[in-house]
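Colleague: have a look at this fold, sequence not included:
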């Protein structure tokens, strides 16, 4: 009697289409990463405040990464079955298409701040839209961007037949359908938290109708890979494509931060601190966002514009003499300075800022500078500024009534033991670092596994994620940062009049 054949290994491809790169990884249902591929693309700044991309480059790189990752999985595990695809994308993108679905605009990213004036005006005139949609009225989101087009480029606005984002673009290439998941939709400023559909008031403010947007679907909706996409990727026609969610909510899932009180913190180029909750609760002070994850989970918290980019700027502006390893040397230098940088604070708003103030006019500043401060102080204050900004988001979550008893952190900053320690000290609580850094891609794969019945529930994420290290806060440093935080919090409001005048006097600065 011949032995039973070995069970087929089911693998789901988690596709993470980020701001500057796409990474595709094949995951087994036990959470193991089998193999993957990555492709980068550019972020262009053709005018002050503009941050745009070539949509064809983004989609082309995505299809290449899927094809290469699928081939790599089958080389690593001959006989494995690609059971499906789960998709994560960066949020808040906007792209205008004509009646033939040809681009009339570039892909405008979350980092684009051209709609700052429109966002400030909407905050004053329609603050209730934050409550209705869960999306702060900030130049990052599509709503102010649409108002900008209507006011500043009416010819293009009138010619656009369909407005989409990064997720819709990728899904259309994979399935030939124009749909958008509830998660990405909930980050547009146009989507009703209560109705789970496009919000009539927000659409009226934007000056568009629902037929100019993609059809909203649940994050677990499964579409079919088209014949054209199958040829491009080497996958079988009809392979399930689970539409997935935004990269922020999926990052929580990817690090296992799905249970009550467990927050996810990330510091890459930018940063964020997010908590998974059962209902879309809006902060009455409008400091937090509320984005969908699935039918039973939402993610609330705040994103910051300035993470690793601050250290990169410090290296370029303050230490060009240190060469290619500037960041390592600067972090070592910062570690020689005491917590609090001897009374020097940096407001690290080099790219304006988002949470918790959501003020698009903010700029960076060193405050408390004296002759006694050297390069190490300037570097440490920059790192501390990023971590204190995240501490303000944590304080906003707690002030809004949310319990946070555990934090799991990921991102490029985690390579530095010094930066890990400063984060734990600034947050005033232990910070756990998962062994894997797949984040949003793993979250997309897990959501797809649940949708396809390969795992019982995404609650398993908390058990699949191994913690490599937990960093405890230093009591003395934590107490010092707790004393500094209220001072740091006052800087944005105190400096806003100066920032607005500087913007008027030097708009290209």
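Modeller: Right, received. Where do you want to start? For clarity, every value in this text was computed on a predicted model and none was experimentally measured.
Colleague: helices or strands up against the lowest-mean-pLDDT helix or strand in the chain?
Modeller: Every helix and strand of the chain was ranked by mean pLDDT, DSSP states H and E. The lowest is helix 461-464, at a mean of 84. Contacts defined by 3 or more Cβ pairs under 8 Å, 6 or more residues apart in numbering; DSSP states H and E place helix 461-464 against helix 440-451. From N, CA and C alone the C-beta is placed, and that goes for glycine too.
Colleague: pLDDT averaged over stretch 252-264, what's the number?
Modeller: Confidence for stretch 252-264, expressed as mean pLDDT, is 94.
Colleague: in it, what counts as buried?
Modeller: Going by neighbour count (16 or more other Cβ atoms under 10 Å), the buried part of stretch 252-264 is 252, 253, 254, 255, 256, 257, 258, 262, 263, 264.
Colleague: ok, now stretch 164-180?
Modeller: 164-175, 177-180.
Colleague: ditto for stretch 472-480
Modeller: For stretch 472-480, burial by neighbour count (16+ other Cβ under 10 Å) applies to 473, 477, 478, 480.
Colleague: also stretch 259-279?
Modeller: Those would be 262-277, for stretch 259-279 by 16+ other Cβ under 10 Å.
Colleague: which two in the residues you listed are spaced the farthest apart?
Modeller: Within those, 269 and 277 form the most distant pair, 26.2 Å apart (Cβ to Cβ).
Colleague: quick check: the closest residue to residue 348 other than its chain neighbours vs residue 104, distance?
Modeller: Leaving aside its sequence neighbours, residue 348 sits nearest to residue 385 (Cβ to Cβ, 6 or more residues apart in numbering; 3.8 Å). The spacing between residue 385 and residue 104, counted by Cβ to Cβ, to the nearest Å, is 39 Å.
Colleague: what about these two, which has more around it?
Modeller: Neighbours around residue 385 and residue 104, counted as other Cβ atoms under 10 Å, are more numerous at residue 385. The numbers are 26 against 17.
Colleague: what would the buried residues of stretch 472-480 look like in JSON lines with secondary structure and pLDDT?
Modeller: Listed next are the buried residues of stretch 472-480 as JSON lines, based on DSSP: H, G, I helix; E, B strand; the rest coil; pLDDT from 0 to 100:
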{"residue": "473", "secondary structure": "coil", "pLDDT": "98"}
{"residue": "477", "secondary structure": "helix", "pLDDT": "98"}
{"residue": "478", "secondary structure": "helix", "pLDDT": "98"}
{"residue": "480", "secondary structure": "helix", "pLDDT": "98"}
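Colleague: bridged to residue 271, which residues?
Modeller: residue 267, residue 304 (DSSP bridges).
Colleague: touching, it and residue 390? I think so.
Modeller: Yes - Residue 271 is in contact with residue 390 according to Cβ atoms under 8 Å; the separation is 6.0 Å.
Colleague: and for these two, which residues touch both?
Modeller: 265, 304 (Cβ atoms under 8 Å, 6 or more residues apart in numbering).
Colleague: for residue 6, report the pLDDT, please.
Modeller: Predicted confidence (pLDDT) for residue 6: 65.
Colleague: circling back: wait, which of the buried residues of stretch 252-264 is closest to residue 217?
Modeller: residue 253 (18.2 Å).
Colleague: from residue 132, how far off is that closest one?
Modeller: To residue 132, residue 253 is 25 Å away according to Cβ to Cβ.
Colleague: show me where the stretch 51-200 of the chain has its strands.
Modeller: Per DSSP state E, counting those that start in this stretch, the stretch 51-200 of the chain carries strands over the ranges 52-53, 81-89, 95-97, 107-108, 162-164, 179-181, 191-192, 197-198.
Colleague: what would these look like in CSV with mean pLDDT and distance to residue 448?
Modeller: Output for the strands of the stretch 51-200 of the chain, formatted as CSV (pLDDT from 0 to 100; distance: least, Cβ to Cβ, whole Å):
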stretch, mean pLDDT, distance to residue 448
strand 52-53, 98, 25
strand 81-89, 98, 3
strand 95-97, 98, 25
strand 107-108, 98, 24
strand 162-164, 98, 21
strand 179-181, 98, 12
strand 191-192, 98, 22
strand 197-198, 98, 24
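Colleague: ok, which of these comes nearest residue 220?
Modeller: Between residue 220 and those, the tightest spacing by Cβ to Cβ is seen for strand 179-181, at 8.8 Å.
Colleague: ok, and what's touching that closest one?
Modeller: Outside strand 179-181, the residues that touch it by Cβ under 8 Å, 6+ apart are 164-165, 167-168, 171, 213-219, 221, 223, 243-246, 292.
Colleague: out of those residues, which are buried?
Modeller: Neighbour counting by 16+ other Cβ under 10 Å classes 164-165, 167-168, 171, 213-214, 216-219, 221, 223, 243-246, 292 among the contacts of strand 179-181 as buried.
Colleague: in this protein, where is pLDDT below threshold?
Modeller: Within the chain, the segments meeting pLDDT under 70 span 1-6, 437, 509.
Colleague: care to break it down by domain?
Modeller: 10-246, 308-394+475-505 (automatic domain parsing).
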